[in-house]
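Trainee: let's see this in three dimensions:
(2 chains)
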Amino acid sequence: MFGQLILNIYVSLGVPQQEAGNPTVATVIFIAASLTAAGVFDNIAQLAGAGIAVPVTGFANSVTSMAMEFRREGLVTGTGSKMFALAGSIIVFGVVTAFVVGLISALI
Amino acid sequence: MQTLTVERKIGKQSVLLEKDIMLLSSATVAGPKEGLGPLSADFDRICSDNIIKEKSFERAECHMLEEACYLALGKAKLTPEDIDLFIAGDLLNQVVTASFCARKLAIPFLGIYGACSTFAEGLSLGAMLIEGGFAKHILTGTSSHNCSAERQYRYPTEYGFQRPGYAQWTATGAGAVVLGSGGEGPRVESITTGKVVDTGIKDPLALGTAMAGAAADTIYNHFRDLDRNPSYYNIILTGDLGGVGKKLNEDILAAKGYDIQANYADCGVLLYYPHQKAGPGASGCASSALVFLGHFYRKMMAKELRKVLLVATGALHSPTTVLQQESIPCIAHAVSLEI
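Mentor: Alright, predicted model coming up:
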């Protein structure tokens, strides 16, 4: 619903309906990352649960929180390498699923 | 050559101390959340935030332990040179907090790990070493920090995962105590060293449930070894079982024929108000250290409580073993204190 609100704002700003999805996702990611940095995301998540953890907001939070947590261990060895420690499996399984689904649709 | 005789051991797991080994002084440094709890008046120092102007949570934790150690030394009117041994441990990998603190104190150091039972482990080792004539004064301390422990055992601090209702809150703070003979203070009367008990719990958030079995086992063996009943003590204190584990501990002991409900409390339950969102209570090394050294030490000094059995409990898992689907082995050490 929150995403729909932002999507509608983009549409009203003159972005075509079909292309408004991308800036919407970017905005939601930005908001989720900002809330993580401000230290309130975890409090919202305690209440909202899967509603906020499953969509792209959860992904943004996992990356941002890891990046912040391991900043002290250096930019490369800390932030850089630990950033996707939680989110890495989402990417791996996302790519694998996309490949399998793509293969099936190509065969049909 | 003298033949070896074991004179102090009693029963299967316990020792009875004969010398007057006292807790000469105690000091506590509490984190901000603990400082807002019901025991805030009992702490020597309350930190205004989690990082106290340090560069990392680990350094902040070390700072707290150092401060607790110096406070305890100051109260006992001793300097680091007067201390024969420093025994300490914490929750972080390779017990870094204690080791880094020992680097500054420059006292001969023994690092220990007993997870959240570290406080009682340090206390019992220290008391036994003094009883055996190996040291005159021993400083022992422990610390835990919510942010550094959460990162190591679970997720980053800002990661938004939903904590189930039974998940305990790792306490932030440090406690230190000077052990020695003579002087004033609660006396270490007997010690029961715990066995590792594994009840097959695999959920690293259900630590109270996992540790209840170990606590019950140690308390049961303490009563058996020393031929005592729960009513012998003014209060029996477990370290950090939380509300869930406390109830379970009562039930297990009741089934074994010891009803402890009348004079039983859990440090984890006492540390926070219910509205502080700490689940069923506190966990971590600091839980038993803060509550016992802050609150109950004062009560004992005021002679309001004369006999206290402190049973600190610890879960001996690591993040790796949890991911490898191993169950969580737990331990509990009991120290009987009298004044």
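Trainee: distance-wise, check A:Ser12 relative to chain B.
Mentor: 30 Å (C-beta to the nearest C-beta, to the nearest Å). C-beta: built from backbone N, CA, C; applies to glycine.
Trainee: buried set for the helix or strand hosting A:Thr64?
Mentor: Assigned by DSSP states H and E, A:Thr64 belongs to helix A:56-69. Neighbour counts over helix A:56-69 (16 or more other C-beta atoms under 10 Å in any protein chain shown) mark A:57-69 as buried.
Trainee: elements contacting the next helix or strand after that helix?
Mentor: Downstream of helix A:56-69, the first helix or strand assigned by DSSP H and E is helix A:81-82. In terms of contacts (3 or more C-beta pairs under 8 Å, 6 or more residues apart in numbering or on different chains; DSSP states H and E), helix A:81-82 is packed against helix A:56-69.
Trainee: packing partners of the helix it packs on?
Mentor: helix A:21-38, helix A:41-48, helix A:50-53, helix A:81-82.
Trainee: need these in TSV with mean neighbour count, can you?
Mentor: Putting the helices and strands packed on helix A:56-69 into TSV (neighbours: other C-beta atoms under 10 Å in any protein chain shown) gives the following:
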stretch	mean neighbour count
helix A:21-38	16
helix A:41-48	17
helix A:50-53	15
helix A:81-82	16
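Trainee: who wins for proximity to B:Ile252 among these?
Mentor: helix A:41-48 (31.1 Å; C-beta to C-beta).
Trainee: who in chain A is up against chain B?
Mentor: For chain A, the residues in contact with chain B (C-beta under 8 Å from any C-beta of the partner chain) are A:36-37, A:39, A:41-42, A:44-46, A:49-50, A:52-53, A:58, A:61-62, A:64-66, A:68-70, A:72, A:86.
Trainee: neighbours around residue 2, how many?
Mentor: Answering for chain A, as no chain was given. 13 (other C-beta atoms under 10 Å in any protein chain shown).
Trainee: I was after chain B.
Mentor: 4.
Trainee: how near is it to chain A?
Mentor: In terms of C-beta to the nearest C-beta, B:Gln2 sits 53 Å off from chain A.
Trainee: and for B:Ser48?
Mentor: According to C-beta to the nearest C-beta, B:Ser48 and chain A sit 16 Å apart.
Trainee: what about that residue, neighbour count?
Mentor: For B:Ser48, using other C-beta under 10 Å, the count is 10.
Trainee: do I have it right that it meets B:Lys33?
Mentor: No. Here B:Ser48 lies out of contact with B:Lys33, judged by C-beta atoms under 8 Å, at a distance of 11.5 Å.
Trainee: parallel or antiparallel, which strands does the strand or helix carrying B:Val177 pair with?
Mentor: For B:Val177, the host element (DSSP H and E) is strand B:173-181. Partners of strand B:173-181 in the sheet, by DSSP bridges, are strand B:21-30 (antiparallel), strand B:137-144 (antiparallel).
Trainee: nearest to B:Glu326, of these?
Mentor: So among these, strand B:137-144 is nearest, using C-beta to C-beta, at 22.3 Å.
Trainee: buried deepest among the strands paired with strand B:173-181, which one?
Mentor: Comparing the strands paired with strand B:173-181 on average neighbours per residue, with mean count of other C-beta atoms under 10 Å in any protein chain shown, the densest one is strand B:137-144 at a mean of 32.
Trainee: next SSE downstream of that strand?
Mentor: Past strand B:137-144, the next helix or strand by DSSP H and E is helix B:146-153.
Trainee: need the contact partners of the next helix or strand after that next one.
Mentor: Proceeding C-terminally, helix B:146-153 gives way to strand B:169-170 as the next helix or strand, assigned by DSSP H and E. Outside strand B:169-170, the residues that touch it by C-beta atoms under 8 Å, 6 or more residues apart in numbering or on different chains are B:33, B:91, B:144-146, B:149-150, B:153, B:272, B:276-279, B:281-284.
Trainee: and for stretch B:83-90?
Mentor: If you take C-beta under 8 Å, 6+ apart as the criterion, stretch B:83-90 is touched by B:61, B:65, B:69, B:73, B:95-98, B:101-102, B:105, B:107-114, B:118, B:121-122, B:125-126, B:129, B:134-144, B:176, B:178, B:285.
Trainee: buried set for that stretch?
Mentor: B:83-90.
Trainee: for these, which one is nearest A:Thr79?
Mentor: A:Thr79 lies nearest to B:Asp90 out of these, by C-beta to C-beta, at 25.5 Å.
Trainee: which residues touch B:Leu270?
Mentor: B:Leu270 sits next to B:38-39, B:281, B:291, B:295 when contact means C-beta under 8 Å, 6+ apart.
Trainee: residues in contact with the residue of chain A at minimum distance from chain B?
Mentor: Closest contact between chain A and chain B, by C-beta to the nearest C-beta, is at A:Ala45 (2.8 Å). Residues in contact with A:Ala45 (C-beta under 8 Å, 6+ apart) are A:52-53, A:58, A:61, B:160-162.
Trainee: which members of these are the farthest-apart pair?
Mentor: A:Asn61 and B:Gln162 (12.2 Å).
Trainee: overlap of the contact sets of the two?
Mentor: A:45, A:53.
Trainee: quick one: the helices in the stretch 201-339 of chain B, in order.
Mentor: Shown for the stretch 201-339 of chain B, the helices assigned by DSSP state H, counting those that start in this stretch span residues B:207-226, B:242-255, B:267-271, B:285-290, B:297-301, B:319-323.
Trainee: to A:Ile91, which of these lies closest?
Mentor: helix B:319-323 (19.2 Å).
Trainee: helices or strands up against the longest helix anywhere in chain A?
Mentor: The single longest helix within chain A, with elements called by DSSP state H, is helix A:88-107. Packing partners of helix A:88-107 (3+ C-beta pairs under 8 Å, 6+ apart): none among the helices and strands.
Trainee: need the contact partners of stretch A:7-15.
Mentor: So stretch A:7-15 is contacted by A:17, A:20-21, A:23-24 (C-beta under 8 Å, 6+ apart).
Trainee: now the residues you listed in JSON lines, with pLDDT?
Mentor: JSON lines is the format used below for the contacts of stretch A:7-15 (pLDDT from 0 to 100):
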{"residue": "A:Gln17", "pLDDT": "82"}
{"residue": "A:Ala20", "pLDDT": "84"}
{"residue": "A:Gly21", "pLDDT": "83"}
{"residue": "A:Pro23", "pLDDT": "87"}
{"residue": "A:Thr24", "pLDDT": "88"}
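Trainee: what about the chain, any weak spots by pLDDT?
Mentor: In the absence of a named chain, this looks at chain A. Low-confidence segments of chain A, defined by pLDDT under 70: none present.
Trainee: right idea, wrong chain: chain B
Mentor: For chain B, the stretches flagged by pLDDT under 70 are B:1.
Trainee: write out the residues of it neighbouring chain A.
Mentor: B:55-56, B:151, B:155-163, B:277.
Trainee: only the buried subset of the residues you listed, as a PyMOL command please.
Mentor: A single PyMOL command selects the buried members of the residues of chain B next to chain A (16+ other C-beta under 10 Å):
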select buried, chain B and resi 151+155+156+157+158+159+160+161+163
